[in-house]
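Peer 1: got a sequence here, can you build the structure:
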Amino acid sequence: MQVIHSWIRPHTRFKTRSPERTRQIANGCSAPSASNAVFPYIVNPVMWPSFRGPTSTALNHHLLSGAVHEALRHVAPGKHPILVSTSPIVPGLFRDHIFKRKIYYCVDDFTHWHGINGPAMHRLEQQTLHACDLMIATSTSILDTRSPFASASTLLTHGVDLAHFSGASPDPDSPLAALPHPVVGMFGVFDQRVDGQALRAAARLSPQASFVVLGPVVDRQPGEFHDVPNLHFLGAVPYADLPGHVAHFDLCILPYVVDASTWNINPLKLKEYLATGKPVIASPLPEATRLAAYLTLAAPDAFPQAVASALATIEAGPAVQSDAARTRLDDFLQSESWEAKAKSFLSDVMDDL
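Peer 2: Residues are numbered from 1 along each chain as shown. This next block holds a predicted model:
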């Protein structure tokens, strides 16, 4: 019963901890020395795992609002903070007058996620869009479909850690070091968004190549690719070590299905692929199409041949990229750095304050 009680009323947990410990929990970083500095307080409350009807919606609002207000009493007493949320399922929080500004940071179209109750998600997101002061979209598709319902909106695509991914040396201890080249690779969560048929066909069309997936496999059949001997699933690797593994790639690929579940996403890995300097082949999602000057687009039925053609070019010898093309890519990636995105984000959030 104590566990259930603390789950339903998460704010009671704060009463057993010192104010300093509470600040450490609610705030992921230490406060800057400047008195007028802006930094985030992060609250991760437990919530009821459903949002279908008004009862579960009200319960989640109670849980989240209680946790947020209790945290604010400890870390920002008497203040009117800025709310930034990527979750559309608690519109009541966006109607809370304690916040001086409320930002809905929309990173995906959750209404089309596999296993999600789409109509319920749509209803709650519509309420969130009407209640927020600003909607920040991470893709043009999200901006186009949701800006009519928000009082203000702007586009802020994902950034890239250029220093992390560029210039990395191959890790000699990586399992990829033992694989024959050329190596065709992808990283990230391997779920229903990945076009398994296109990947299978590409691996079969180019049996001389090693195809590698770095990342967890989610909601896929374990033996789905047992008959593709040159396709290797190596599991997740720490982010800090990822560039050393990817440095073994000769070609980076993003074979996603093109449907409602992927149409609005802005894959982080695309710009990370480009930062490695490797050639990239991607499915023609809207955000990939925006990067067409720097990569190759291939529809599902053309994906295997696009990979085979790229491998033929790679095997013929190292391609020489013109100085102008390299400069254009470098300038683009510099403008897409997380530092640049953070400045834009802060400017949008603090506008008129």
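Peer 1: model confidence score at the residue nearest to residue 88 when sequence neighbours are not counted, please.
Peer 2: Once flanking residues are discounted, residue 88 sits nearest to residue 125: 3.8 Å by Cβ to Cβ, 6 or more residues apart in numbering. Where you see a C-beta, it was placed from the backbone N, CA and C, and this is true even at glycine. If you check residue 125, the pLDDT there is 94.
Peer 1: numbering from 865 from now on, please.
Peer 2: New numbering, starting at 865: the last item is residue 989.
Peer 1: and residue 989, what does it touch?
Peer 2: 952-953, 974-975, 1010 (Cβ atoms under 8 Å, 6 or more residues apart in numbering).
Peer 1: how much space between residue 1009 and residue 1101?
Peer 2: 35 Å (Cβ to Cβ, to the nearest Å).
Peer 1: okay, now the unreliable bits of the stretch 915-1064 of the chain?
Peer 2: Within the stretch 915-1064 of the chain, no stretch has pLDDT under 70.
Peer 1: so residue 1032 lies in a strand, does it not?
Peer 2: No - per DSSP: H, G, I helix; E, B strand; the rest coil, residue 1032 lies outside any strand segment and is coil.
Peer 1: in contact with it, which residues?
Peer 2: 1107-1108, 1110-1111, 1140.
Peer 1: over to residue 922?
Peer 2: residue 956.
Peer 1: next, the buried residues of whichever strand or helix holds it.
Peer 2: Element membership for residue 922, per DSSP states H and E: helix 918-939. By 16 or more other Cβ atoms under 10 Å, the buried positions in helix 918-939 come out as 920-921, 924-932, 934-936, 938-939.
Peer 1: residue nearest the centroid of the chain?
Peer 2: Most central in the chain under Cα atoms, centre = their mean is residue 1132, positioned 5.6 Å from the mean C-alpha point.
Peer 1: number of nearby residues for the residue nearest to that residue when sequence neighbours are not counted?
Peer 2: Of all residues not flanking residue 1132 in the chain, residue 1022 sits nearest, at 5.1 Å (Cβ to Cβ, 6+ apart). When neighbours are counted by other Cβ atoms under 10 Å, residue 1022 registers 19.
Peer 1: who touches residue 1022 in this structure?
Peer 2: 1002, 1130, 1132, 1135, 1205.
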